[in-house]
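A.B. asks: test case, fold it:
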Amino acid sequence: MAAIAGMSCNHVANVFGDVMAPAATMILFTLGGLTFPIMAFLLCEGYRHTSSIRRYATRLALFAVAAEVPWFLLWGPSLNVLFTLLIGLGLLWARDHLRGRGAYGLVIVAGVAASWLCDWAIAGPLMIVFFHRVREQPRGVLKVMAAFGAVFGIPQLISVWGAGLGAAGGLPPAIQWGALGYYTLGFALATFLMTTYNGQRGPSLKWFFYAYYPAHLLVLWIIAQFV
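C.D. replies: Just a heads-up that it's a prediction; the model follows:
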């Protein structure tokens with residue numbers, strides 16, 4: 001539920017950030033930082049517990065294709081995050097079933113290459129693989145999130161600092177600060193939720209999430225035509 005809420009906030013900020021109040025833009029972008037880490041974490045949980053990897057991958061693929069139309073209308077020629085999750089799922093399967101075989105290297109190379117076209121690019125599948133690798137470590141999630149927070153947060157902090165000194169231009173300050181909040185406060189909130197996870201499944205939101213993703217993108221595109 002937190003991932004869905006954060007995703008909605010992030011997409012609203014991306015689509016309407018230039019016409020919203022700066023404070024609202026910053027808050028929405030910051031909450032967006034909840035989204036992908038939780039998606040990646042839950043994909044690993046789904047991989048561990050699913051009764052059929054084939055059906056899991058098929059669901060992701062079908063809804064990724066369905067969501068690509070509104071995604072393209074909003075952001076142009078790239079692949080949406082469900083494709084990122086699908087690639088991550090494929091890498092987990094390859095790691096557990098093909099390692100040591102000749103095809104393993106080809107699958108990894110193909111997955112990494114394809115991920116460059118997707119939302120979150122190569123970082124998305126890498127986060128998924130790292131979450132899977134540290135799943136038994138007491139502070140594994142914390143370490144992964146700290147690493148990714150540093151990799152993305154420090155350059156964004158430098159960018160915000162440079163913009164404040166007049167050394168960098170481009171994006172409006174509200175979006176710059178919102179992106180910093182995304183990788184700091186947003187990631188911190190996601191880390192808190194993941195590290196307090198008790199390993200038990202709550203109410204199933206599987207089909208709601210799959211349907212919500214393309215539906216909310218389409219709604220945002222329609223609204224954007226009138227704004």
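A.B. asks: who's in contact with stretch 191-207?
C.D. replies: Contacts to stretch 191-207, defined as C-beta atoms under 8 Å, 6 or more residues apart in numbering, come from residues M1, A2, I4, L34, P37, I38, F41, H49, V141, L142, M145. C-betas here are computed from N, CA, C, even on glycine.
A.B. asks: actually, stretch 56-63.
C.D. replies: G46, Y47, T50, L82, L85, L86, L89, G90, Y210, A211, Y213, P214.
A.B. asks: repeat that for 10 Å
C.D. replies: With C-beta atoms under 10 Å, 6 or more residues apart in numbering as the contact definition, stretch 56-63 has outside contacts at 43, 46-47, 49-50, 52, 80, 82-90, 93, 206-207, 209-214.
A.B. asks: how far does it sit from the chain's center?
C.D. replies: 17 Å (C-alpha atoms, centre = their mean, to the nearest Å).
A.B. asks: and the longest helix anywhere in the chain, what does it pack against?
C.D. replies: Looking across the chain with DSSP state H, the single longest helix is helix 140-164. Packing partners of helix 140-164 (3 or more C-beta pairs under 10 Å, 6 or more residues apart in numbering; DSSP states H and E): helix 35-49, helix 123-133, helix 173-181, helix 187-195.
A.B. asks: check contacts around H216.
C.D. replies: H216 neighbours (C-beta under 10 Å, 6+ apart): I4, M7, S8, H11, V12, A67, P70.
A.B. asks: which residue is nearest the middle of the protein?
C.D. replies: F36 (2.6 Å; C-alpha atoms, centre = their mean).
A.B. asks: wait, it touches L85, no?
C.D. replies: Yes - using C-beta atoms under 10 Å, F36 is in contact with L85, at 9.2 Å.
A.B. asks: joint contacts of these two?
C.D. replies: D119, W120, G124, I128.
A.B. asks: export these as a markdown table, with columns for distance to H97, pLDDT and neighbour count.
C.D. replies: Output for the shared contacts of F36 and L85, formatted as a markdown table (distance: C-beta to C-beta, whole Å; pLDDT from 0 to 100; neighbours: other C-beta atoms under 10 Å):
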| residue | distance to H97 | pLDDT | neighbour count |
| --- | --- | --- | --- |
| D119 | 26 | 95 | 17 |
| W120 | 24 | 95 | 20 |
| G124 | 21 | 96 | 22 |
| I128 | 16 | 96 | 26 |
